[in-house]
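Visitor: sharing a sequence plus its predicted fold:
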Amino acid sequence: GFHPGNRGSTPLRDANFLKSPLIRAFLLLIQEKCVLLKHTFFVKMNKFLFILSCLALNAYTTDLDTNNSLIDYYGKSKTKINIVIKDNIDIQEKVTSAGSLALKDNLANKNAFIIQRLIDSNFHISGKANLSEWANFRSENSVSGWSSIGGQTTHALDSKYNPCGSSSGSAVAVASGLVDIAIGTETNGSISCPSSINGIIGFKPTVGLVSRSGIIPISSSQDTAGPMGKTLEIVAKTLEVISGYDPNDKATLSIPEDFNYNFVDVTNNRRLDGIRFGLLNADNQHPQVIEFHNEIKKIVKKLGGEVIDIKDNRIYPDEAEYFILLYEFRVGLEKYLQSSSSKMQNLNDLIVFNDENKNTVMPHFGQDIFFKSIESDSYIKYMWSKYKVRNSYKETLRLLEEYELDAFIGLTRGPAWRINYDGGDWPAMQETLRFSSGGYAAHNGMPHITIPFFNVDNLPVGISIIGKRWDDRQIFKLAAAFDSQKSEILMSN
């Protein structure tokens, strides 16, 4: 029989004794203790020796993929940059599944544009990352990090916790040390949330900077691929490689002629002199949030900048954004499927497959979004929704102008919630501290970086910096100054 999550394997992953739940749990426990020790900066000699053994264990257990971040593993290169790719992106002669058993036969006939760019630039594709099935666009009650083909990806620090999604495996592969860099995709939150929650750097570029050709879509208006990595430098380097014009994605025609792709150059910035940030969620009165906001203000001031408590009176266009996604999903997906090798040719085929295989495909949640997408076919409502979202960007630009802001800043996302198969993510999220900064950046196509900075109950929380469209290089520059403060904060704590 088919074993979800085992489409690819490694020698260690196949070792029978390592399949024992007891052994795996023991190794995970040791890894967790190692993480705790490393984060408390022990320096005594006996502790130092223990940390060395932790590092050795980490190298040994890397191929275990104990958090189930990968669907396929292709091995590592000793000479190239190893990178993991989310499994909604085409790699020639490999299956692109979007996490669904319905696409288990979908062998890509060529590389996605960004994959070819990576291969041509000394990157080695080490594997395909698990994701929330259909990039979290099958059910409103979905469980992030779960897919019918890959099973459940778990949080990098605690397997009881959800890694967020939909780029769950990409984030966890980096956070757990399998690779230093991965590619995720985002429509709304799918790079920023798992990056923040797992304590890595994630960059959602301006929509149109990175080609989407060869990527299973949700929304042509909002989709983008982006890098997720250990360091700002490798994230910047990877974005340099995958950015640029692609004749097969008309969104890339919008890249300004004078756009500066030299992102790595600005990662050595250490100052914020004269920079004005608008604080997102400035009215959140939770004591922990207030403490983090005050810390952000203190750091920005120290670096020569200023944080402004803005009155954010924008009205989020929930209904309009959702209708755009529902409408574009059906159109874009069917266009992708009809040029693919899959037996599935349209959304109805997928609905029938899911229904016929519901015990394996839908054990935890259904396909209500698929049905809504079929029904969301009004072109008039679609154009009205596009108008509403365009106005939202105008409101955002007005806010930046009113307060003379260079960028927005805020806390990316509340900490991880427990994995919950009874109702999905939303009920479980109510049990944690909740805040979010990336919604407007998503539907307005704006660049958004998250860098790990704080923690709540030992679970990571990132800081978001968001700018106007095509300010991607500036966002890297601002983030570099913040990133340089991390080690100082950790040492002082």
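Guide: Received, thanks.

Visitor: relative to residue 303, how far out is residue 126?
Guide: With the distance defined as C-beta to C-beta, to the nearest Å, residue 126 ends up 36 Å from residue 303. Where C-beta positions appear, they are placed from N, C-alpha and C, glycine not excepted.

Visitor: which of the two has more neighbours?
Guide: Neighbours per residue, other C-beta atoms under 10 Å: of residue 126 and residue 303, the larger number sits with residue 126, 24 against 18.

Visitor: name the nearest residue to that one, sequence neighbours excluded.
Guide: residue 82 (4.3 Å; C-beta to C-beta, 6 or more residues apart in numbering).

Visitor: tell me how many other residues crowd the one you found.
Guide: For residue 82, using other C-beta under 10 Å, the count is 20.

Visitor: who's in contact with the helix or strand harbouring it?
Guide: Using DSSP states H and E, residue 82 sits within strand 81-86. For strand 81-86, the external contacting residues (C-beta atoms under 8 Å, 6 or more residues apart in numbering) are 69-70, 76, 91, 115, 118, 122-129, 131, 167, 169-170, 173-174, 178-185, 225, 234, 238.

Visitor: residues in a beta bridge with residue 243, which ones?
Guide: With DSSP bridges as the criterion, residue 243 is bridged to residue 210.

Visitor: and for residue 185?
Guide: residue 225.

Visitor: how distant is the helix or strand where residue 289 lies from the center of its chain?
Guide: Per DSSP H and E: residue 289 is located in helix 287-302. Its chain's average C-alpha position is 25 Å from that of helix 287-302, according to C-alpha atoms, centre = their mean, to the nearest Å.

Visitor: cool, and stretch 375-390?
Guide: Centre to centre, stretch against its chain (C-alpha atoms, centre = their mean), the figure for stretch 375-390 is 27 Å.

Visitor: and the nearest residue to residue 438 once chain neighbours are set aside, what does it touch?
Guide: For residue 438, ignoring the flanking residues on the chain, the nearest one in space by C-beta to C-beta, 6+ apart is residue 192 at 4.6 Å. Residues in contact with residue 192 (C-beta under 8 Å, 6+ apart) are 186, 202, 204, 412, 413, 438, 441, 448, 450, 462, 464.

Visitor: repeat that for 6 Å
Guide: Residue 192 makes contact with 202, 204, 412, 438, 448, 450, according to C-beta atoms under 6 Å, 6 or more residues apart in numbering.

Visitor: pull the most distant pair out of those residues.
Guide: Spanning the widest gap among these are 204 and 412, at 10.8 Å by C-beta to C-beta.

Visitor: settle it for me: which of those two has more neighbours?
Guide: The residue with more neighbours, out of residue 204 and residue 412, is residue 204; 36 against 30, by other C-beta under 10 Å.

Visitor: for the residue nearest the centre of the chain, give its distance to residue 153.
Guide: The centre of the chain sits closest to residue 191, judged by C-alpha atoms, centre = their mean, with a distance of 2.0 Å. With distances taken as C-beta to C-beta, residue 191 is found 15 Å from residue 153.

Visitor: equivalent analysis for residue 282, please.
Guide: Counting by C-beta to C-beta, the gap from residue 282 to residue 153 is 33 Å.

Visitor: looking at those two, which is more packed in?
Guide: Under the neighbour definition other C-beta under 10 Å, residue 282 and residue 153 were set side by side, and residue 153 has more, 36 against 16.

Visitor: ok, the closest residue to the more buried one other than its chain neighbours - contacts?
Guide: By the measure of C-beta to C-beta, 6+ apart, the closest residue to residue 153 outside its immediate chain neighbours is residue 145, 4.0 Å from it. Contact partners of residue 145, counting by C-beta under 6 Å, 6+ apart, are 132, 152, 153, 162, 163, 165, 168.

Visitor: just the pLDDT for residue 145.
Guide: Per-residue confidence (pLDDT) for residue 145: 98.

Visitor: so what sits opposite residue 449 in the bridge?
Guide: residue 203, residue 465.

Visitor: how many neighbours does it have?
Guide: Residue 449: 33 neighbours (other C-beta under 10 Å).

Visitor: with the one 10 residues further on instead?
Guide: By other C-beta under 10 Å, the residues close to residue 459 number 20.

Visitor: and the closest residue to it other than its chain neighbours, how far is that from residue 286?
Guide: Take residue 459 and drop its neighbours on the chain: the residue closest to it by C-beta to C-beta, 6+ apart is residue 415, 3.9 Å away. Relative to residue 286, residue 415 is positioned 12 Å away (C-beta to C-beta).

Visitor: who's more crowded, the two?
Guide: The neighbour count for residue 415 versus residue 286, taken as other C-beta under 10 Å, is higher for residue 415 (22 against 14).
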